[in-house]
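Asker: Sequence and predicted model, in that order:
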Amino acid sequence: MNRILEIDIDNIQVMVEPGIIQDALNDALKPYGFFFPPNPGSSAMCTIGGMIAYNASGMRCVKYGTTRNYVRDLEVVLADGTIIHTGSKMLKSAAGYDLTQLITGSEGTLGIVTKASLKIAPLPQTRKLVIASFENAEIAGQAVVKTFSKGVIPSACEILDRVSLQVLRRYDPKLVLPSEGDVLLFEVDGTESSAREAAEQIMKICSPLALSIKLAESENEMADIWAARKLVGAAVSRLDPTKTRIYVGEDVGVPIKKVPELLKKAQEISEKFNLPAMKYGHIGDGNLHLALFIDVLNKDEWDRLSKAADLIHRTAIELGGTVSSEHGVGAARAEYMEAQWGSALEVMRAIKKALDPKGILNPGKLGL
């Protein structure tokens, strides 16, 4: 089920089956001058159905939002075999509950998506990339807060700590990246003049806090940096082949003004449990990926990892954030749903029971 069923430029929409890969969809849309904006690092392999199930986002979510912002209609098979449509080609509707939004992000617990109508967006004329390094991640977080408070909204805003930079240099020694500090990548897009003006504003705002700051010199340089950024999570083994990244405590998010505090606490947790960690992610919307890596044959490291991940999740909740910004809850983070949602979790359970009374759809996920 990986076909594009309709490209409807007049209505700025596309209808697809859930198995289509996101990059394949955008390759098909490019000749029309449009794209499907959410762009996870896994865009070369992730399916649109998976993106809908987890409300995926990615690097350009700062300006363009998450998958949820682009889903207009879903064909869904319910637990009893009933087939429904949750929306239409209309850009808005005030008629009844918004079932499209309910299904999006439900991780397959309420129904099976078989078709999706998606809003698309025009490709920007140009993109610019500002590369800034800072003494530490906490100061980088302060630079992000300062930039947003001045009314500058980049299309993407990413952080790569010094451990991430080591990984990337081993992955591609030719990458043009700062040699010191923790790095922010600010991408802006639009017309040539508007993008350049926004890039200059960011450089002016961040310069007092930065160790270095520059504008990427070419589209090829930008493309190389973004390609490497997409692979940083998987490339961590190049730093130490004896260790493996474990995907726990790795997708937390907090309100933007709490980002510096989250970065500081994440470093403290890494040091407390003596676990190497790589900090990177979509800092522009408060989403931090913490790559904890261990020797999987070492029981003591497993024990410390579990304690560190638990503290990371609970810290995010205490800061008014979430245990998962885009990777989903599944079974791994289900135990934290009550702490994050309180009595609202019972409402979710009631919805689940109403639509899936026998509990046959992705059972045990989302803490339901």
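Answerer: Perfect, thanks for sending it. Owing to the predicted nature of the structure, the values given are computational and were not obtained by experimental measurement. Numbers count the residues shown, from 1 in each chain.
Asker: use CA for all of it now, contacts and neighbours both
Answerer: Fine.
Asker: What's the mean pLDDT across the helix or strand hosting residue 195?
Answerer: If you go by DSSP states H and E, residue 195 is part of helix 192-206. For helix 192-206, the mean per-residue pLDDT is 96.
Asker: now that helix, how far from the centre of its chain.
Answerer: Centroid separation for helix 192-206 versus its chain: 24 Å, with C-alpha atoms, centre = their mean, to the nearest Å.
Asker: For that helix, buried residues please.
Answerer: By 16 or more other C-alpha atoms under 10 Å, the buried positions in helix 192-206 come out as 195-196, 198-199, 202-203, 205-206.
Asker: all strands for the stretch 151-300 of the chain, in order.
Answerer: Listed in chain order, the strands of the stretch 151-300 of the chain (DSSP state E, counting those that start in this stretch) span 156-160, 182-190, 212-215, 244-246, 252-253, 277-282, 287-294.
Asker: closest one to residue 39 among those strands?
Answerer: The minimum distance between residue 39 and these falls on strand 156-160, with 10.4 Å, by C-alpha to C-alpha.
Asker: Report the distance from the closest one to the chain centre.
Answerer: 11 Å.
Asker: Run through the residues that contact the most centrally placed residue in the chain.
Answerer: What sits nearest the mean C-alpha location of the chain, by C-alpha atoms, centre = their mean, is residue 58, with 3.5 Å. Applying C-alpha atoms under 8 Å, 6 or more residues apart in numbering, we find residue 58 in contact with 38-41, 66, 282, 326.
Asker: Can you lay out these as a markdown table showing pLDDT, neighbour count and distance to residue 269?
Answerer: Shown next, in a markdown table, are the contacts of residue 58 (pLDDT from 0 to 100; neighbours: other C-alpha atoms under 10 Å; distance: C-alpha to C-alpha, whole Å):
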| residue | pLDDT | neighbour count | distance to residue 269 |
| --- | --- | --- | --- |
| 38 | 93 | 26 | 31 |
| 39 | 89 | 23 | 29 |
| 40 | 90 | 21 | 27 |
| 41 | 85 | 20 | 26 |
| 66 | 96 | 24 | 29 |
| 282 | 92 | 25 | 20 |
| 326 | 94 | 21 | 22 |
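Asker: ok, so of the residues you listed, who is nearest residue 183?
Answerer: The shortest gap between residue 183 and any of the contacts of residue 58 belongs to residue 282, at 12.3 Å (C-alpha to C-alpha).
Asker: shouldn't the closest one be in contact with residue 59?
Answerer: Yes: the pair residue 282 and residue 59 qualifies as a contact (C-alpha atoms under 8 Å) at a distance of 5.9 Å.
Asker: quick one: common contacting residues for these two?
Answerer: The contact lists of residue 282 and residue 59 share 156-158, where a contact means C-alpha under 8 Å, 6+ apart.
Asker: Please check those and keep the buried ones.
Answerer: 156-158.
Asker: before we move on, back to that, relative to residue 168, which of the shared contacts of residue 282 and residue 59 is nearest.
Answerer: Using C-alpha to C-alpha, residue 158 comes nearest to residue 168 of the shared contacts of residue 282 and residue 59, at 14.3 Å.
Asker: For that closest one, give its distance to residue 76.
Answerer: Going from residue 158 to residue 76 by C-alpha to C-alpha, to the nearest Å gives 35 Å.
Asker: before we move on, what about residue 366?
Answerer: Counting by C-alpha to C-alpha, the gap from residue 366 to residue 76 is 19 Å.
Asker: from the strands of the stretch 151-300 of the chain, which stretch is densest packed?
Answerer: strand 252-253 (a mean of 27; mean count of other C-alpha atoms under 10 Å).
Asker: Mind giving me the packing neighbours of that one?
Answerer: Counting by 3 or more C-alpha pairs under 8 Å, 6 or more residues apart in numbering; DSSP states H and E, the packing neighbours recorded for strand 252-253 are strand 287-294, helix 299-318.
Asker: tell me the most buried of the ones you listed?
Answerer: Buried most deeply of those, by mean count of other C-alpha under 10 Å, is strand 287-294, with a mean of 25.
Asker: Could you pull out the helices in the stretch 51-200 of the chain for me?
Answerer: All helices of the stretch 51-200 of the chain, identified by DSSP state H, counting those that start in this stretch, fall at 61-64, 99-103, 137-149, 162-171, 192-206.
Asker: just checking, what packs against the last one?
Answerer: Contacts of helix 192-206 with other secondary structure elements, assessed using 3+ C-alpha pairs under 8 Å, 6+ apart, are made with strand 126-134, helix 137-149, strand 182-190, strand 212-215.
Asker: To residue 234, which of those lies closest?
Answerer: Closest among those, using C-alpha to C-alpha: strand 182-190, at 18.7 Å.
Asker: Quickly run through the sheet partners of the closest one, with directions.
Answerer: Taking DSSP bridges as the criterion, strand 182-190 sits next to strand 126-134 (antiparallel), strand 156-160 (antiparallel) in its sheet.
Asker: CSV for those strands, including distance to residue 342?
Answerer: Below are the strands paired with strand 182-190 laid out as CSV (distance: least, C-alpha to C-alpha, whole Å):
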stretch, distance to residue 342
strand 126-134, 38
strand 156-160, 31
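Asker: closest one to residue 176 among the ones you listed?
Answerer: Counting by C-alpha to C-alpha, residue 176 lies closest to strand 126-134 out of these; the figure is 9.6 Å.
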